[in-house]
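Trainee: mind folding the following:
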Amino acid sequence: MKKLSAFILFLVVATWLVGCEKSFNAKNSDVGVHSSTATLPNIVIFYIDDLGYGDLGSYGALGVETPEIDRIANNGIRFTDGHSSAATCTPSRYSLLTGKHAFRNKKAEILKGDAPALIQPNEPTLAAMLKKAGYTTGVVGKWHLGLGNGEVDWNSDIKPGPLEIGFDYSFLLPATGDRVPTVYVENHQVVNLDKKDPITVSYKNKVGHRVTGYENPELLRYVADKQHNETIVNGVSRIGHMGGGESALWKDEDFAQIFSNKAINFIRKNKNTPFFLFKSYHDIHVPRLPHPRFQGKSKMGVRGDAIAQMDWATGRIIKEIEKLGLAQNTLIIFTSDNGPVLFDGYEDSAIELIGEHKPNGPFRGGKYSRFEAGTRVPTIIYWPSKIKPMVSDALVSQMDIYASLAKLVNVQLADNEAIDSLEQLDVWLGKSEQGRVDLIEESLGNSALRHNNWKFIPKTKLNKHFIKGKKIEGGYMDKHQLYDLSVDLSESNNLAEQHPVLVKELDGRLKDIINGRY
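Mentor: Below you'll find the model as predicted:
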């Protein structure tokens, strides 16, 4: 009996000890997960549209003030040689989110408003990588990367989209402000849609009963070119035709308030866990219709006022981050999808009112261009607890954000993931100024090469019409161009004939990178 009692006591104690060990391991496992995610910084990318190198006060702007962005520029890293991957929006966005050059996807061009999803669910993305690391991910603002599978029914679930490629939440302008459909899409649904008034969209024929710019030009707030002269919404004609959806229509003047509200709500909801917010702006893209509170805030008309509005919206979100006590553990990246454009389809006096302001800074060209202003854009990194104020001349590309953040959050990338993205974390955090040696600048399906301070633009067929219509120097010539940017920022002195050997070397290097031979 005593032996049996002792055995029973042994079983009870052993069971208790096993239970304690499991409980201890479980608690420690929870602590390990919590402590690893607790050390992760929140990440916010402010991605502005059509903002030129010289469009901020900290980069030399005249005629408009940008105090909110200048504050983070003066207290973070202000890059003087930061680049988008391309001189137009869709390719740059694609590269930022995939870590791949847009020319690797033949469909990665400026998309129509009803284009299918450019990034399919099986493609690795920055959002999915960060989600793997423990982040809650959200995108708010302009998308322009396509939605659905090619025949979007705007009256039911719209997918695939951001939620299928790594984002937990999305509130979108489906394409751009100058394209239909002129509605917001939250997650998979058009916002405020009355199913009794279904939406139809066509980029081929007129649909619905809305007036158009080509039929009723007297109803327009701005004269538009032929491309932007179709369905009129809010007094502005757009690209494409749209019928129905009256209750869901946006008002352009409300963009800054609505998008910043959505961004702030996302931050508040996820303040206790690591979050990644891709805050993608419509400003300062056309049509430029700033809210009345910003009208007259600049000396440059609506384009300058839109810059002031963008600055306010950015500051509003940063101040919320500070108010919530998150600033010290939040990494902010501020940049633009391509260089500036003044006339882009609407006669809004942007050219006439430019004054002494130089939106492209000391550089030549702008949006759509092969010259430097096509991709050299404001690039600012702000992280108060980790980054000391400095100006960096390192050559950096938005392409490298993917691999650099993967290093930061300790995620090992797969062999087929972000194949063009270089890990440059020390450069982005100001610990090194040894940036890229080679960088491709893409423009309208063409590529130029930066090799340190040399800029090589291979010859191509002339493309006078498209660039002339935008009143921007395109750099499309039937001869090779070579510029030494260390002494010629304006790309005025073509040295190709003086350096034939270097031209051959750089041409070969460009072709190697395009063919994946790094």
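Trainee: which SSE is immediately downstream of the strand or helix carrying Y47?
Mentor: Element membership of Y47 [criterion: DSSP states H and E] is strand 42-48. Sequence order places helix 67-74 as the next helix or strand after strand 42-48, per DSSP H and E.
Trainee: which positions within that next one qualify as buried?
Mentor: Buried residues in helix 67-74, counted by 16 or more other CB atoms under 10 Å: E68, I69, D70, R71, I72, A73. (Glycine included, C-beta is placed from N, CA and C.)
Trainee: got the CA positions of that helix in CSV?
Mentor: Extracted as CSV, the C-alpha positions of helix 67-74 are listed here (Å, rounded to 0.1, in the frame of the first residue of the first chain):
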residue,chain,number,x,y,z
PRO,A,67,7.5,73.3,-43.5
GLU,A,68,6.2,69.9,-42.5
ILE,A,69,8.4,67.9,-44.9
ASP,A,70,11.3,70.3,-44.4
ARG,A,71,11.2,69.5,-40.7
ILE,A,72,11.8,65.8,-41.3
ALA,A,73,14.4,66.6,-44.1
ASN,A,74,16.4,68.8,-41.6
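Trainee: can you map out the helices along this protein?
Mentor: 2-38, 67-74, 89-98, 126-132, 255-269, 302-323, 401-408, 425-428, 464-470, 500-514 (DSSP state H).
Trainee: can you point out the buried residues in the fourth one?
Mentor: Going back to what we said before, that points to helix 126-132. Counting neighbours by 16+ other CB under 10 Å, one finds that the buried residues in helix 126-132 are L126, A127, A128, M129, L130, K131.
Trainee: possible to save those residues as JSON lines with distance to S492 and pLDDT?
Mentor: What follows is these, written out as JSON lines (distance: CB to CB, whole Å; pLDDT from 0 to 100):
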{"residue": "L126", "distance to S492": "37", "pLDDT": "98"}
{"residue": "A127", "distance to S492": "41", "pLDDT": "98"}
{"residue": "A128", "distance to S492": "44", "pLDDT": "98"}
{"residue": "M129", "distance to S492": "41", "pLDDT": "98"}
{"residue": "L130", "distance to S492": "42", "pLDDT": "98"}
{"residue": "K131", "distance to S492": "47", "pLDDT": "98"}
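Trainee: ok, those vs L40, which is closest?
Mentor: Nearest to L40 out of those is L130 (CB to CB; 8.9 Å).
Trainee: so what's that closest one up against?
Mentor: By CB atoms under 8 Å, 6 or more residues apart in numbering, the contact list for L130 reads I43, T137, G166, F276, L405, V409, V411.
Trainee: swap the cut-off to 6 Å and go again
Mentor: T137, F276 (CB atoms under 6 Å, 6 or more residues apart in numbering).
Trainee: please report how far it lies from P124.
Mentor: 11 Å (CB to CB, to the nearest Å).
Trainee: so I381 sits against I77, correct?
Mentor: Yes. Contact criterion CB atoms under 6 Å: I381 and I77 qualify, at 4.3 Å.
Trainee: pull out the buried positions in stretch 198-209.
Mentor: Residues of stretch 198-209 classed as buried by neighbour count (16+ other CB under 10 Å): P198, I199, T200, V201, S202, K206, V207, G208.
Trainee: show me the contact partners of it.
Mentor: By CB under 6 Å, 6+ apart, the surrounding residues in contact with stretch 198-209 are K112, D114, W154, N155, V180, P181, G240, H241, M242, G243, G244, G245.
Trainee: neighbours around the second one, how many?
Mentor: D114: 22 surrounding residues under other CB atoms under 10 Å.
Trainee: with adjacent residues omitted, what lies nearest to it?
Mentor: V201 (5.1 Å; CB to CB, 6 or more residues apart in numbering).
Trainee: pLDDT at the one you found, what is it?
Mentor: If you check V201, the pLDDT there is 97.
Trainee: take the buried residues of helix 126-132 and lay them out in JSON lines including distance to V185.
Mentor: As requested, the buried residues of helix 126-132 are arranged in JSON lines below (distance: CB to CB, whole Å):
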{"residue": "L126", "distance to V185": "20"}
{"residue": "A127", "distance to V185": "17"}
{"residue": "A128", "distance to V185": "20"}
{"residue": "M129", "distance to V185": "24"}
{"residue": "L130", "distance to V185": "22"}
{"residue": "K131", "distance to V185": "20"}
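Trainee: relative to E215, which of the residues you listed is nearest.
Mentor: A127 (41.7 Å).
Trainee: dump the residue contacts of the closest one.
Mentor: T137, G166, F167.
Trainee: repeat that with 8 Å
Mentor: L97, T137, V139, P162, I165, G166, F167, F276, F278.
Trainee: sorry, back to before: going by distance to G366, which of the buried residues of helix 67-74 wins?
Mentor: I69 (19.9 Å).
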